[in-house]
Every structure is written in structure tokens, then in C-alpha cells.
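Asks: okay, here's the prediction I keep looking at, along with the sequence it came from:
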Amino acid sequence: MDLSLIQKDILITLISLYHQYSHPIKGEDIADIIKRNPGTVRNQMQALKALGLVDGVPGPKGGYHPTSRAYSELNVTADDSEGEVAILRNNEMIDSVRVNEIDFTTLTHADLCHALIKVIGNVRIFEVGDKVTIGPTPVNKLLIKGEVFGKDEINSVLLISTSEMTSLPKLPIREYMTAPLVSLDADMTVAYVMKTLLQRRIHGAPVIEEGRLLGIVTQTDIVSAIDQGVPMDSPVADIMVRNVVTIPGDMRLYEVIRRFKEQDIGRVIVTEEGKPVGILTHSDIIRVFPTL
């Protein structure tokens, strides 16, 4: 079936919006995204409906939704079990566009690595020179960074000159954590804890009592306490941070990396069956994954 450029534009945008919102999409919403006259979109919708590619839903909450034939025509899938592959443009998430296919075209070139990125959504919003980040992909957690050097609006394809490709570690964090834990007692003095951290060459350690996590103390906490005039013979419980981020040992490392960035933290306590068993720090992650 030979569809015109505007028909493909409308159909791709309809599929993208329908996949995002799971309800009929109004022609005006599609027209706004693809920068076309709403009347033109409505006329094209009638043609697409006659071709069996869209169905209309009447009423105030009505609109259009793609048929299974539309997915087949554009060679995309309507399977909701598929994972989302996001794309960022100049560090901003583009919610109306998702990546459907990645093909590498120059892997063996000594200096270049180009990729062909097929998207579902409006490819026109991208411009040559835009910095893009794609992924992570569902299975291999592949993350691609690069720059747009061309685009094919008819086939909804971006041409990317890649600058970085990384496969995020998928093993659970128990494989990367530091264990056994160096732990502190709540009644240890600030002076003793400072000496312990220096001797062990660690920046911080959890405070644990009878297997229960009470808090965490870092060298930064100790320096801050000294600046505030806290006596060195005070119990470390007086200066520990009680709000500790804990993570189960079976959580994947790439998920924890996201937590580190979103919550701006430097370490988490790893637990098994609710009990602290290890610690994972930003330095541990850098050793595993130095490009982060």
C-alpha cells in the first residue's frame, strides 16, 4: 500500500499518541503535533479509514485509533508487552516519540560509528545537530549517545553519529556491593569512629544494633560535627544520619544507578530479608562502570 507522506505522518503520530494514552485521539491533537491544518488531518483520516487503517469513535470523548492493519502497514507492533525505548533530545525527554529499531551502519569503520534509528512519532521535531540519548533497550540495556546528522521523514528515521555506546550492567547489586559490612555501634565515640574510618580507608559506615539498621555516619558528618563543637567523646548516635537509603540485594545495578542520580546520594545499604548485608557506594559503581 502506497501512503503519502502526510498519511504516514498522521498514522505514525496516531499510533504514538494512542500507545501513550490508550484512548481515542482527536484529529486536532494530531494536527497540533505535525503542524498541519485540522481540516486537512480530518480529510486524510477519512481516506485512512477507507483503507482500513484507522477507526473512528463518535462522541465528545471520541477520536481515532489505529487498526491492526496500520501497525502491519508501518511494520511496527501493537504488543503492549514490549519495553519502551526512550529518546532524549538535548537532554530533554521526548514523550511523544519512542525508538522502534536501531541499525548500526559503520561498526567496522576506524573513526565513525553511524546508526539508523527508526522511531514511532514525529521525526520532524529533530534537527541536524541535536544531541540525542537513546535507551536503555529492554534486553541488553544498551545506551547510545550521539548527534543527528540526517533524517528520513518518509520512513521516520534519524541518522545518528554515535559518540558513546554502553551496555548497562544487569547483574544484581549483591554482585558489586562491599561485604561483609564494616558496621558501627551506636555508643562508639565520635573520635573512635573517625579513627576506624581512617584505618579502614572508607568514607562511611552504617550504625547497626542487633541486626537493625539505625543510621549511617560519614567522614563528612564527623567534620561537620567537629565544626559545630560536638565533643569527640560524644556517642556517634548523636551525629549519625537516620534516614538511610536501603536497597534489596536482588535489585539490578542499572536501577540503582538511576536512584543515585535521582536522589543525589553517594551510598546505599544493601539488605537481604530486611537485614543489612553490604554497602554500595558511588565509587563502587565507577569501578564497574567508569563512563558514568
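Replies: Sure, I can see it. Quick caveat, the model's predicted, so the values are computed rather than measured.

Asks: all the strands of this structure, residue numbers only.
Replies: Ranges of strands within the chain are 54-57, 63-66, 87-89, 92-93, 98-104, 114-120, 131-134, 142-152, 157-167, 204-209, 212-218, 246-248, 267-272, 275-281, based on DSSP state E.

Asks: just the ones you listed: most buried one?
Replies: Burial among the strands of the chain, expressed as mean neighbours by mean count of other CB atoms under 10 Å, is greatest for strand 63-66, which shows a mean of 23. Just so you know, the C-beta spots here come from the backbone N, C-alpha and C atoms, and that holds for glycine as well.

Asks: centre of the chain to that strand, how far?
Replies: Here strand 63-66 shows a centroid-to-chain-centroid distance of 29 Å under the convention CA atoms, centre = their mean, to the nearest Å.

Asks: and the contacts of it?
Replies: Contacts made with strand 63-66 from outside it, assessed by CB atoms under 8 Å, 6 or more residues apart in numbering, are listed as 11, 14-15, 18, 23-27, 29-30, 45, 49, 53-57, 78.

Asks: now restrict those residues to buried residues only.
Replies: Neighbour counting by 16 or more other CB atoms under 10 Å classes 11, 14-15, 18, 24-27, 29-30, 45, 53-54 among these as buried.

Asks: residue 206: which of these is nearest?
Replies: Each of those was checked against residue 206 using CB to CB; the closest is residue 18, at 48.0 Å.

Asks: how close does that closest one get to residue 138?
Replies: Distance from residue 18 to residue 138, counting by CB to CB, to the nearest Å: 20 Å.

Asks: and the residue nearest to residue 188 when sequence neighbours are not counted, how many residues sit next to it?
Replies: In this structure, residue 188 finds its nearest non-sequential neighbour in residue 236, 5.0 Å apart by CB to CB, 6 or more residues apart in numbering. Here the number of neighbours of residue 236 (other CB atoms under 10 Å) works out to 26.

Asks: any idea how far residue 236 is from residue 201?
Replies: Between residue 236 and residue 201 the distance, using CB to CB, works out to 18 Å.
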